[in-house]
Every structure is written in C-alpha cells, then in structure tokens.
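1. fold the following and give me the result.
(2 chains)
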Amino acid sequence: MCEKPKFYITTAIAYTSRKPHIGNSYEIVLTDAIARYKRMQGFDVFFLTGTDEHGQKIEEYAKSAGVTPKAYVDKVAGEIKGICDLLNTTYDKFIRTTDDYHEKCVQKIFKKLYEQGDIYKSEYEGLYCTPCESFWTESQLVDGKCPDCGREVKPAKEEAYFLKLSKYQKQLEEYIESNDNFIYPEARKKEMLNNFIKPGLQDLCVSRTSFKWGIPVTFDENHVIYVWIDALSNYITALGYDPDGSSEQYKKYWPADVHIIGKDIVRFHTIYWPIMLMALGEPLPKQVYGHPWLLFGEDKMSKSRGNVIYADELTEVFGVDAVRYYLLSEMPHANDGSITYEAMIDRFNSDLANTLGNLVNRTIAMQNKYFDGVIQPPVKSDAVDEELKAAAKKAISDLDKNIAEYKISDAVEAVMVFARRCNKYIDETMPWALAKDESQKERLGTVLYNLLESIHILSALISPFMPDTAVKINEQLCAAPIEYNSIADFNSLNAGEKVGTAVPLFNRIDAEKLLAELLAKQEEKKKAAQAEEKPEGIAQITIDDFMKVELKAAEVTACEPIKRAKKLLKLTLDDGSGTPRTVASGIAKWYSPDDLIGKKVVVVSNLKPATLCGVESNGMILAADCSETDVKVLFLDSSIPNGAKIR
RNA sequence: GGCGGCGUAGCUUAGUUGGCUAGAGCGUCCGGUUCAUACCCGGAAGGUCAUAGGUUCAAGUCCCAUCGCCGCUACCA
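-> This next block holds a predicted model:
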C-alpha cells in the first residue's frame, strides 16, 4: 500500500487582544472546510490553528484590565479556542505562542540566525521618535521628522536586532516569479512584488526593548523577540521543528501546502516568512492564500457602531451549520464579502430549508409512505435517470475544481445545483403518480432509489461545509457515510434495508419576525457599547495639561487641494495675529475647498510645524471622527472673532 | 502621486486562450403540481455587458481615453 499523500494547512494565529467577531472567524471555517474536503479525498491532513499572544498591546490591555498578561491571554485564548470548537472545526493542533516548546524553539531559531550572521545587532541613528516609541527608516521620514507626530527624531541610543532581508531579496524574487501560485490570488502577488520587493527590501527589526511581554533573547536579556520571528515560526514549531534536529512529524508535513491568511498579512507571509525559512535552510510553503474580509453590510465591524456580530450569537439563532454555510457560500474569493441578517435569512430559507432540507424530507417521506421505508432494488435506468447521474458526477467534479482554486462559494453552489436537479427529477418522474399504478411499482422503487442515492451523495458533498447536517442526512437514510472513491457509482445503498423517519433539517424562518428581533437586539448592543466605551477612554489629564494646548478661533480665508496628496487640503487661516497661518488637514475626502472658505474653525495654534507633502503645516484644525468613514469639521459661530482663545 | 484590480438584469454574481439568441441564484409576475417545511417544477418580464472611440469577419472578452469604485503603497497636524 502506498502512503496517503500529506496535506499541511494552517490558519493565521489569532491575536489574543479581544474576543474575535464573526468576520475573524471566517478564516477558521474556510480552512476547516478545505481540511475536511482533503481528508474526505484521502489526504493525510494536518490542520494547525492557534493564538499569537505576545506584544505591547497585550501588555497594555492586561494592565488596564488589572491582570497579568498571562492571565489575560489565557482568557482570550480560551474564548478563541471555544469559538473554533463551537464552529465545529477539526484542527489537529491548537498552538499558543506562550507554549513552552514554542518559546524555546523560537529562542533557538533566533540564536541560530544570529550566530550565522543573518541577524545582527545594530543601532538606529537619528531615526527614533521617543514619544511615539517608534523607529523609522530614512525613507519613512517626512522632511526628516517622525511621520506619526512630526516631531524630531533622535539619533538612537536604542539598540535592536535586525534580520537581513536584503541578503535574500534576489532569491525570494526568483521564487515568487517562478512559482506562479505561491502568492494567491494574483493581485496580491503584484502588490508584493511592485511595492516591496522590487523597490528593495529594508532589513527588518526583530527585537524590542520597549516592552517586556515577549520571548526574551537568550543572549541579550534586555531584548524581547518581536512579533515576526515569534509568530510566524509557529507553523514549524507546532510540528516539532528544531534547529538541532526536527521531529518525524515535522519531516513528514513540512513544507505547508497552504497558509490561509487574511489579505492584510500577506506581506509577512510572503516576504518575511520565506526569508526566515531561507535563512534557516528550510523549504518554503507551497502557497499562501490571502482571503478577503467579511464586512457587516458595507462597513467594517466595530464595537462602537454596534454592528459587531459574534459567532456564538449567530449560531444560537441559526445553528452552527447554517452559519458555516453562510460564510462559505457568501464570501467571494477575491473581493470582500458581507453579512447582513437579511442575507443570512434569505440564504437559510431558500438554500437550506427549501432546496436541500425539503428535498431530503420529501424523499425520505415518500420512501416511507410508498414502501414502508424499505429500499427497493433499482431496475431499469431511463434517460432521466442517466441525466440525474450525470448531474451528480458534474457536481463532484465542479466541487473539486473550485475548491482547488479556493472558490469556495462556487464549490458550494455546485452542490446546490445538484440538489436543485434532484428536485426537478422528482417533478419529471412524479412518484405520486407512479404510486397510483400498481404496474409501476418497480419503476417507483427505482426512482426512489435514485433519489435516496442522490441525497446520500449530497450528504458527502456538503460534509466539508455542513458536517452535522451530513450526519443527520445519513441518520435519516440509516446509512454509513458514502465512500468518496466510489461516490459516483450510484450503488451505495442496499436494497432491503429500511430508511429512518423524515425529520426536517432546517425549519423555515419567519423573516420579518426574526429580523425585527435581531435589529432590536442590535440597537441595544449599540447603546450598551457606547455607554461602556466612554469611561474606558484614555488616561485622565490635569487642567494644566489641557492648558498646554492653545486653541484659537480662526477663519478660513483660502483653501486648495494639495496636488501630491489625495487626503490633504491646504488651508489658509486668519487667526487674528495679522499673519496668515497655513495648515494642512486630511479632510479632502469629506470637504471641498468651497465648503470651507469663509467658515470659522478651531485651530490648535501651538503645535510644532510639520511638512506634509511639501506643505508646511502650522497647527491643526479640530474635527470630529463621526465614524471610521466620516469626519466633520467643527465650525464656529460667525460672531466669534478671529483669534479668540478657546478653552 | 506610484503599482494593481474592478465596473454585467432590482440585488448577489458566472463568463476559460475574442466566436452561435450574455448564463445562474435571490426577488417580482404568470402557469403547473401536491410526495414535501405555503414546498417543488416550468415560463415570463428585466441587461445599450460604466461611457466614448479603436483593432477584427467577429469583443462583455484585446487596445486607448473618460467617469466611478476598491486594494496595496506613499501620505492623512
């Protein structure tokens, strides 16, 4: 016997800063569907997921929650794992970057790279912004100043370790160019090549001294290993990689067949990660698939908007399989997808309750009604029967083809096409008419056999997407899961055996009623979130702190767009001082110059000047962030004189 | 500003290397059916394939321009 081919698939590890929402949960469901499908096809699958638990942000969250970082990540990692389990995902291993073996291995990796010269210690010079605690490369600076705050950057006393990306640049470029499917979809590949690799890679800072919650560098305890080497290496430490000799498991499964990740972290997985592996002398992953995002309607989910949906809320209402089905069927493979309650209910009713659920229900019901549940031997195959069988074969091959390209919604659709074909077959053969004619008994038995066989096949085809439903169908058939390699044979069921009773798989939803309930709940959540967010906020300041900020009323006397920037407007203000003040403001998206000229605004007049896109900006004007996508400038009453102090 | 992508029926979208009357699902309307979860089946209406040119025997599919949207990057005091 030849061994099963292996298939190693991973999700990104989830950052343990907050409980993930349904958009964040898409990835694990997507990966699970692929893993289940591969297993059904006979692959020896290893499916890895887990959590990324270090970093400054977590240190801060833990501090404000009044717990240790470890206690904090334990809680959130537990929630994340809980969601993976709730969604019925079949990961083989759940790695945490705080796991002991991972930390030790990361330290070894770091040391190895250091000893062979791929990581070197260096110091920044003139590129550190103390208030921002950020390092900047020469090219990132704006007019020699911090691009974040516009303040002076200092020659750094701060030391840090760097990974030599530049050394491997050529090798990486060749790998990407010669492995067409390595970065997928295609558009991502172009982004990486054009924006990063071709312009030249900067060496990557891989350690920090500004926080403690991380894996210490063994030979230099002031340093903590920064996210890249820590998080990315989970894909190999989980399998038992060891610079001094790896496990059998590692040798078997590495390299990964595919890393499933969000489109926002493609860069880390297709540049930093391959270079780390090159430096370690290990093979590169075969493919990185950057999937799109799931949005709420048109918007990103955010707590303050009250449009965050969590997996558990959704499964409570619709059930686990319906949620999985929605995610998998509604997400396009290259563009962002969206979730709305309306769409969720529509999908549920039309695809699951009507098309699939009702098909199974009517088939089992007829078998019981006409033959007391006893499966009849198929006799003669008519043209319609052959068409049905051909449709099954097509569904199988379409499913396969689409999954190979990560077109999961098309894969799901291929299965639904077959379910619809089955419903049509019932109309074509009219079993209820056959049942009235005793001489058609054999024909009726054959027709029902074909239908039972079809839903048996459907059960297998939907099983990667809706595993529980697949089981339920088999239970109603009183049959074991169909063997994948004989799935198209159309003879998996045994004549003479009995099917079970028909139980609806999905109960139709009263859309109007449920929608009203859900929207009411959402409103509530929004209010609660807004009430809760207020007190959290940022640290309190004293009145003296506030008085350091000089606010003045000023009139916009002129305004024009800045050519090189699409978000910036250049405003000329009369602040009562007699000399016009120039301010650049990132509000071009919401205001045109004519909207502003003649209006009175509030200007922060004692900000240090900064240069933006070639324009020197002296101060900033106040505006409200109404939402992530809407900004409104604060306009003053026209009777307020220019230069009036505001406090 | 640089690089890339997209604009197809009311909505969500398929359309491989250019080739017969541009497909599908949802929604709408009409008809049929009754085994079934008021379900299923059939039919219809609805598309100047963003706009304007060009290449070609032939373009949603290639080229150019314009408009709009999006991604990455730069930038957003």
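2. centre of the chain to stretch A:223-237, how far?
-> Between the centre of stretch A:223-237 and the centre of its chain there are 20 Å (C-alpha atoms, centre = their mean, to the nearest Å).
3. just the helices in the stretch 251-400 of chain A please.
-> In the stretch 251-400 of chain A, the helices defined using DSSP state H, counting those that start in this stretch lie at A:266-267, A:273-280, A:311-318, A:320-330, A:341-347, A:358-371, A:383-404.
4. ok, for residue A:176, nearest residue in space, not its chain neighbours?
-> In space, not counting the residues next to it along the chain, residue A:176 is nearest to residue A:182; the distance is 5.8 Å by C-beta to C-beta, 6 or more residues apart in numbering. For glycine as for every other residue, the C-beta is placed from the backbone atoms N, C-alpha and C.
5. isn't the one you found up against residue A:273?
-> No: under the criterion of C-beta atoms under 8 Å, residue A:182 is not in contact with residue A:273, lying 11.4 Å apart.
6. any idea how far residue A:30 is from residue A:408?
-> With the distance defined as C-beta to C-beta, to the nearest Å, residue A:408 ends up 6 Å from residue A:30.
7. list residues touching both of these two?
-> When C-beta atoms under 8 Å, 6 or more residues apart in numbering defines a contact, the residues bordering residue A:408 and residue A:30 alike are A:328, A:331.
8. hang on, the earlier thing: ok, which of the helices of the stretch 251-400 of chain A comes nearest RNA strand B?
-> Ranking the helices of the stretch 251-400 of chain A by distance to RNA strand B, with C-beta to the nearest atom of the strand as the measure, places helix A:358-371 first at 3.4 Å.
9. dump the closest one to PDB, restricted to CA.
-> Provided in PDB are the C-alpha atoms of helix A:358-371 (Å, rounded to 0.1, in the frame of the first residue of the first chain):
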ATOM      1  CA  ASN A 358     -37.100  19.900   1.700                       C
ATOM      2  CA  LEU A 359     -35.500  17.600  -0.800                       C
ATOM      3  CA  VAL A 360     -34.300  15.300   1.900                       C
ATOM      4  CA  ASN A 361     -37.500  15.500   3.700                       C
ATOM      5  CA  ARG A 362     -39.800  14.700   0.800                       C
ATOM      6  CA  THR A 363     -37.500  11.900  -0.400                       C
ATOM      7  CA  ILE A 364     -37.400  10.100   2.900                       C
ATOM      8  CA  ALA A 365     -41.100  10.700   3.400                       C
ATOM      9  CA  MET A 366     -42.000   9.100   0.100                       C
ATOM     10  CA  GLN A 367     -39.800   6.100   0.800                       C
ATOM     11  CA  ASN A 368     -41.700   5.600   4.000                       C
ATOM     12  CA  LYS A 369     -45.100   6.300   2.500                       C
ATOM     13  CA  TYR A 370     -44.800   4.100  -0.600                       C
ATOM     14  CA  PHE A 371     -42.500   1.300   0.600                       C
END
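10. buried residues of that helix, list them for me.
-> Buried residues in helix A:358-371, counting neighbours by 16 or more other C-beta atoms under 10 Å, are found at A:358-364, A:366-368, A:370-371.
11. switch those over to a markdown table; also include distance to residue A:290.
-> Shown next, in a markdown table, are those (distance: C-beta to C-beta, whole Å):
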| residue | distance to residue A:290 |
| --- | --- |
| A:358 | 38 |
| A:359 | 36 |
| A:360 | 36 |
| A:361 | 40 |
| A:362 | 42 |
| A:363 | 41 |
| A:364 | 42 |
| A:366 | 47 |
| A:367 | 46 |
| A:368 | 49 |
| A:370 | 52 |
| A:371 | 52 |
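12. out of these, who's near RNA strand B?
-> Of the entries in these, the ones placed beside RNA strand B under the rule of C-beta under 7 Å from any atom of the strand are A:358, A:360-362, A:366.
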